[in-house]
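Novice: Provide a 3D model corresponding to the input given below.
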Amino acid sequence: MKKIFILAIAALSFTACRNANNSTDKVAGSKGNTVVSPDAPVIVFEREIFDFEKVDQGEKVTHDFKFKNTGKSPLIISNATATCGCTVPVVPTEPILPGKEGVIKVVFNSEGKEGMQDKVITVNSNANPAISTVHLVGDVRVKK
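Specialist: Below you'll find the model as predicted:
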């Protein structure tokens, strides 16, 4: 009886893993079996991590995340969000044509923060993949 129970659990686990792997071929957030077009835009960041090193508490850090559309169709960034309200991303409002570059401007307000910080900015677009992330990292020192 124990062997049958263990085999049943193993079979269920194997099936669940296969279903999870099959779902990666679909567009993120889609409900159908949509396959990503080979002509889709592709967003490539110049740097995915910006280390602002050390700042004093209360300082604002500004960084421009530069990117290029290396795909074959216009890139449209629909949204960018940060892990907290202290970090504000500003995205381009116009489509970025293939081969062209763009910038996502990010401002981090260190007021009330201290120690090591890793602010993740999530970028939603029509690119392949549809969701990209960049990081703003550094150390906030307490004012003395």
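Novice: any idea how far the helix or strand where I121 lies is from the middle of the chain?
Specialist: In the assignment (DSSP states H and E), I121 maps to strand 115-125. Here strand 115-125 is found 8 Å from its chain centre; the criterion is CA atoms, centre = their mean, to the nearest Å.
Novice: what is the subsequent helix or strand relative to that strand?
Specialist: Next along from strand 115-125, by DSSP H and E: strand 131-141.
Novice: pull the residues that contact that following strand.
Specialist: With contacts defined as CB atoms under 8 Å, 6 or more residues apart in numbering, strand 131-141 is touched by 28, 43, 45, 47-57, 61, 63, 65, 87, 104, 106, 108, 110, 113-125. All C-beta spots, glycine's among them, are computed from the backbone N, C-alpha and C.
Novice: and the strand holding I121, what's buried?
Specialist: Using 16 or more other CB atoms under 10 Å as the test for burial, strand 115-125 gives Q117, K119, I121, V123, N124, S125.
Novice: any idea how far P41 is from the residue nearest to T87 when sequence neighbours are not counted?
Specialist: Counting by CB to CB, 6 or more residues apart in numbering, T87 lies nearest to K119, which is 4.3 Å off, once chain neighbours are set aside. The span separating K119 from P41 equals 25 Å under the rule CB to CB, to the nearest Å.
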